[in-house]
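> just need the structure, nothing else, for what follows:
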Amino acid sequence: MTNERTLDELIRNFTERNLKKNVNRRSFLYGAGKIAGLSLGLAIAQSMGGFKVDAAPNFSEYPFTLGVASGDPLSDSVVLWTRLAPDPLNGGGMPSHIVPVNWELATDENFRNVIKRGTEHASPNLAHSVHVEVSGLKANTVYFYRFKTGNELSPVGKTKTLPAAGASVASMTFAFASCQQYEHGYYTAYKHMAKEDLDLVFHVGDYIYEYGTNEYLSATGNVRAHKGDEIITLEDYRTRHAQYRSDEHLRAAHAAFPWVVTWDDHEVENNYANVIPEKDQSVEEFIKRRAAAYQAYYEHMPLRMSSLPHDGGMQLYRDFTYGDLANFYVLDTRQYRDDQANGDGTKAHTPESLDPKRTLLGAEQEQWLFNNLGNSKSHWNVLAQQIFFAQRKSGTSTVPKFSMDSWDGYPAQRQRVTDFIAGKNINNIIVITGDVHASWASNLTTDYNNPDAPIFGAEFVGTSITTGGNGSDWRADTAKSLADNPHIKFFNNYRGYVRCQVTPEQWRADYRVVPFVTEPGADISTRASFVYKKDQTGIKEIAATTVPMGIKMSAEVEEDRHLAHARAHEKQMEKKRKRGAVTN
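Just a heads-up that it's a prediction; the model follows:
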């Protein structure tokens, strides 16, 4: 109770009035960060201690309902994950006991050659999730794994270590995905992804969505329903993660390959920034909510202990070296950013958004990125991140507008990154991106307003798995978007993922799409393929096809995505008003 009182007193004293006063932004975030840190620590510590070990557990239902996963692979190590949840949508269905979970790692799918085994303890403090960090493995090697508790055996998962740092690597193939709103459609894309021959999968954000049932509506209609209202508490977030993992195709894709994950906003709340909520909410309560969301994210992802929430946040930016072929830098563009300028949305630039001190990455992450890029000797340097990096303007020629939530809303931060890359004469930058529920492919240049500016890389933006519902080839605003942004060479609005095939000489991106998600069973197509070579000529389309059963043109425009979020937020506020939680 002492810790709870301490937290409540801190939060009570840290009121939203601070936002309305002339408070230095850095001081505000520092104070909020301290509270967030205590909140995160308490969220975990309050449920620790005093648990007995149930050495011979019996389960009323199968405990491995959420499947298995692996992730954060290194050349000699990988994380194996599962969570015991016989009743996943009703608190998990586990007793408040520590439960031993045995694990095995083998070189064959039948487990005739088991090379590693051990026991981990699934504890209530982390929702009976298990994160096994297996070490001493061979580089660039496929392994199979499984778990056992009591008399119950988990599904079998397949994983793979990375090649040793500096080792000569001729090629790799991986996929990346994002934005999988459960209500908007079926995860058919994951069904197809699980059948690919991949070394790795990246998920670059919006793994879950926080909205209550039918608050966030797609243009083609919601076909599944979230359980419950908008998620706020730790139990809420745990249930939502469990509901998403209840999808067999998502589980299959996790079991087929090691995943590297990072979050965007909906793992907590739409367009939050650091400890600042979206709008019309209490900062104090949001700090508690963010702590709960971060913990639940860790509990449900194949992350290392180094990512366990502590000290005011959760360490998600990290790097992975794939031999001498590629260095991957996984960014966190949400946890450390300044608040969106100009009240968020799509706006013209103002002195606020152009402020050279504004940060998207935070000082430490920015320096970490520069140190890694400056020391890299790989054929490719890859930013695995969330939001549109290249300039993408709308509006008119006299009053151009930009998304305040993307890198466009933090132009000084993007310029610092661009200047560093240009100063080092780096020409092998690839950015992989999610967030915007559509496919885009763009050249990265030192000046997007100068068509003759040097090209230093390419950005491949992946569409959503489901978010937005059924897609189309183009939208009503596509022609204008491409005309306004000549460095952007491709747009498509179907759902799916991006498959990348990488050699030392070229980067190939295949846009793998399905024509619909509101019904199961859609076929997969490669809508277009692009290659980028390090010769400053930019990306080139090498293949394209029509998508059977796909809609050619829709009446949608980019702003519809923002309007759908705004309508969802208003539904949330209306529910609160009806409950008496909000006064007029």
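
> alpha carbons only for contacts and neighbour counts from here, please
Fine.

> quick one: the helices in the stretch 251-400 of the chain?
Using DSSP state H, counting those that start in this stretch, the helices found in the stretch 251-400 of the chain span residues 283-300, 363-375.

> in a markdown table, list those helices along with mean neighbour count and mean pLDDT.
A markdown table is the format used below for the helices of the stretch 251-400 of the chain (neighbours: other C-alpha atoms under 10 Å; pLDDT from 0 to 100):
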| stretch | mean neighbour count | mean pLDDT |
| --- | --- | --- |
| helix 283-300 | 24 | 95 |
| helix 363-375 | 14 | 98 |
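
> redo the ones you listed as a markdown table? Include distance to R245.
Output for those, formatted as a markdown table (distance: least, C-alpha to C-alpha, whole Å):
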| stretch | distance to R245 |
| --- | --- |
| helix 283-300 | 9 |
| helix 363-375 | 30 |
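
> and of these, who's closest to T446?
helix 363-375 (16.6 Å; C-alpha to C-alpha).

> what sits up against that closest one?
Residues outside helix 363-375 that contact it (C-alpha atoms under 8 Å, 6 or more residues apart in numbering) are Y317, Y329, N381, V417, F420, I421, K424.

> just the pLDDT for V417.
On pLDDT, V417 comes in at 98.

> what's the answer for L361, then?
98.

> shouldn't it be in contact with Y317?
No: at 9.7 Å, L361 does not count as touching Y317 under the criterion of C-alpha atoms under 8 Å.

> S96 versus S406, what's the distance?
43 Å (C-alpha to C-alpha, to the nearest Å).

> out of these two, which sits in the busier spot?
S406 (24 against 17; other C-alpha atoms under 10 Å).

> list the contacts of that one.
I387, F388, F389.

> one more time with 10 Å
333, 340, 344-346, 360, 386-392, 435-436 (C-alpha atoms under 10 Å, 6 or more residues apart in numbering).

> ranking the residues you listed by neighbours, who comes first?
For those, the largest neighbour count, defined by other C-alpha under 10 Å, is 30 neighbours, found at Q386.

> quick one: contacts for it?
By C-alpha under 10 Å, 6+ apart, the neighbours of Q386 are 178, 203-206, 262-265, 330-334, 406-407, 431-436, 461-462.

> buried among these? Need that as a selection in PyMOL.
Buried subset of the contacts of Q386, written as a PyMOL selection, criterion 16 or more other C-alpha atoms under 10 Å:
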select buried, resi 178+203+204+205+206+262+263+264+265+330+331+332+333+334+406+407+431+432+433+434+435+436+461+462
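
> now intersect the contacts of Q386 with the strands, please.
Counted as lying in strands by DSSP state E, out of the contacts of Q386, are H203, V330, V431, I432, T433, V461.

> mind listing the helices for the chain?
Shown for the chain, the helices assigned by DSSP state H span residues 2-13, 17-20, 25-45, 188-193, 234-245, 248-256, 283-300, 363-375, 411-423, 478-484, 559-578.

> averaging pLDDT over each of the ones you listed, which comes out lowest?
helix 17-20 (a mean of 44).

> what's the end-to-end length of stretch 386-404?
Using C-alpha to C-alpha, the two ends of stretch 386-404 sit 14 Å apart.

> ok, I232 touching E267?
No: the criterion here is C-alpha atoms under 10 Å, and I232 misses it with E267 at 11.1 Å.

> so where's this structure shaky on pLDDT?
1-50, 312, 581-584 (pLDDT under 70).

> residue closest to the middle of it?
G205 (1.8 Å; C-alpha atoms, centre = their mean).

> residues that sit against both of I232 and E267, list them.
In terms of C-alpha under 10 Å, 6+ apart, I232 and E267 are both contacted by the residues E210, R290, A293.

> got the residues you listed as a markdown table, with distance to M305 columns?
Formatted as a markdown table, those follow (distance: C-alpha to C-alpha, whole Å):
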| residue | distance to M305 |
| --- | --- |
| E210 | 25 |
| R290 | 19 |
| A293 | 17 |
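
> and which of these is nearest to P277?
So of the shared contacts of I232 and E267, ranked by how close each gets to P277 (C-alpha to C-alpha), first place is R290, at 9.2 Å.

> thought the closest one was touching E210?
No: applying C-alpha under 10 Å as the test, R290 and E210 come out as separate, 11.6 Å apart.

> what's the overlap in contacts for those two?
With C-alpha under 10 Å, 6+ apart as the test, R290 and E210 both reach I232, E267, V268, E269.

> TSV please, covering those and showing distance to K195 and neighbour count.
What follows is the shared contacts of R290 and E210, written out as TSV (distance: C-alpha to C-alpha, whole Å; neighbours: other C-alpha atoms under 10 Å):
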residue	distance to K195	neighbour count
I232	36	19
E267	27	22
V268	31	26
E269	32	23
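
> great, nothing more from me.
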